[in-house]
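>>> can you look at this prediction? I've put the sequence above it.
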Amino acid sequence: MTVVAEVIEEYRRLVEEIARCTRCELHRFRRNPVPGEGPLDARVMVVGEAPGKKEDEQGRPFVGPAGQLLTRLLELAGLRRDRVYITNVVKCRPPGNRDPRDEEIEACLPYLIRQIQLIKPSLIIAVGRHAGRTLYRLAGLRWTSMTRLHGRVVEAVIAGRRVLLAVTYHPAAALYRPPIREELERDFSGPIAEAVRKIYSGGAGVPEESRQSSILDFLSPGRGSRSGGADDGEK
Ligand code: URA
């Protein structure tokens with residue numbers, strides 16, 4: 001099997017495992033698991049917290065109002081949403097949109113680690129406190145608070161891979177709070193945009209040789225998937 005075929009096959013296995021997963025309580029409430037979506041060779045990965053109502057209905061991440069804001073924020077950083085792999089620390093919706101619990105994050109963590117190992121992003125953007133502190137922990141970094149750490153981009157080793165790690169507020173927190181929205185827009189148009197420029201110009205954290213040579217576009221199972229396709233020159 002070629003490397004590309006292996007990546008596609010391993011990703012399929014991962015999605016199937018998530019669909020069958022009963023590692024925590026949350027499987028009892030889900031309509032659809034939400035593994036994530038985007039190209040399997042994306043350079044940028046966004047990690048959110050957990051699916052909400054719309055995501056649970058559609059099996060896709062960030063499709064509600066917070067997702068629409070995320071799309072605009074990514075554009076501020078010079079990124080097209082369809083060139084980014086988007087996932088969450090927890091793949092099933094917590095009932096009533098409550099915060100994911102520590103034991104649920106813990107149970108789901110192996111899936112996120114495998115996604116990082118498979119997709120090999122150069123930049124990971126963690127949105128929200130739960131995503132931020134989970135990725136800081138995976139990187140062996142000390143989490144303090146979102147107020148202190150948002151907008152920082154640090155070099156880190158996560159799941160055995162050198163990455164740039166950015167942390168910022170969750171877009172949902174900005175929907176009704178203009179000051180948070182301003183901070184988010186500043187983070188995305190400033191330090192995160194700078195990190196994007198760095199990785200696309202072959203700067204820190206982008207070992208070119210470790211990247212797949214072809215685009216592997218994978219959408220959520222709920223929306224169908226496709227692979228192959230022409231390189232749009234963005235990479
Ligand atoms: N909030 C998240 O953290 N993730 C989603 O997928 C949707 C809303």
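The structure has been received and is ready for your questions.
>>> please make it C-alpha for all contacts and neighbour counts, starting now.
Will do.
>>> quick one, phi/psi of the nearest residue to R81 once chain neighbours are set aside?
The shortest distance from R81 to any residue other than its chain neighbours is 5.8 Å, reached at T71 (C-alpha to C-alpha, 6 or more residues apart in numbering). Taking degrees, to the nearest 10, you get phi -60, psi -40 for the backbone angles of T71.
>>> T71 - how many residues pack around it?
Around T71 there are 18 other residues, counting by other C-alpha atoms under 10 Å.
>>> equivalent analysis for L135, please.
27.
>>> thought it was touching A126?
Yes. Using C-alpha atoms under 8 Å, L135 and A126 qualify as a contacting pair, with a distance of 7.2 Å.
>>> please report how far C24 lies from T2.
From C24 across to T2, the span is 35 Å (C-alpha to C-alpha, to the nearest Å).
>>> likewise A107?
Shown here: A107 relative to T2, a distance of 31 Å by C-alpha to C-alpha.
>>> for A159, same thing?
When distances are taken as C-alpha to C-alpha, A159 and T2 turn out to be 23 Å apart.
>>> elements contacting the lowest-mean-pLDDT helix or strand in the chain?
Across the helices and strands of the chain, the lowest-confidence element by mean pLDDT, DSSP states H and E is strand 217-218, at a mean of 78. Based on contacts counted as 3 or more C-alpha pairs under 8 Å, 6 or more residues apart in numbering; DSSP states H and E, the elements that strand 217-218 packs against are strand 38-39.
>>> ok, which residues in this protein are in contact with the ligand?
Proximity of the chain to the ligand, by C-alpha under 6 Å from any ligand atom, involves residues G48, E49, A50, P51, G52, E55, P61, F62, A66, N88.
>>> top of these by neighbour count?
The residue in the residues of the chain next to the ligand with the most neighbours, by other C-alpha under 10 Å, is P51 (32 neighbours).
>>> pLDDT value on that residue, please?
What the model reports for P51 is a pLDDT of 97.
>>> likewise for G224?
Predicted confidence (pLDDT) at G224: the value is 53.
>>> same thing with K198?
97.
>>> between C24 and T2, which one's more packed in?
Neighbours were tallied for C24 and for T2 using other C-alpha under 10 Å; the higher tally belongs to C24 (14 against 7).
>>> just list the residues touching the more buried one, thanks.
The contact partners of C24, by C-alpha atoms under 8 Å, 6 or more residues apart in numbering, come to E103, E104, A107.
>>> just P191 next, same as before
Contacts of P191 were listed using C-alpha under 8 Å, 6+ apart, and they are G151, R152, V153.
>>> by neighbour count, which of the residues you listed wins?
Of those, G151 is surrounded by the most neighbours, 23 neighbours in total, counting by other C-alpha under 10 Å.
>>> isn't there a helix covering it?
No. G151: not assigned to a helix; according to DSSP: H, G, I helix; E, B strand; the rest coil it is coil.
>>> skip the chain neighbours and tell me the closest residue to it.
Ranked by C-alpha to C-alpha, 6+ apart and with sequence neighbours excluded, the top spatial neighbour of G151 is D187, at 4.8 Å.
>>> rewinding a little: for the residues of the chain next to the ligand, work out which two are farthest apart.
Greatest spacing in these, by C-alpha to C-alpha: A66 and N88 (13.2 Å).
>>> hey, what's in contact with both of these two?
By the contact definition C-alpha under 8 Å, 6+ apart, A66 and N88 are jointly contacted by no residue.
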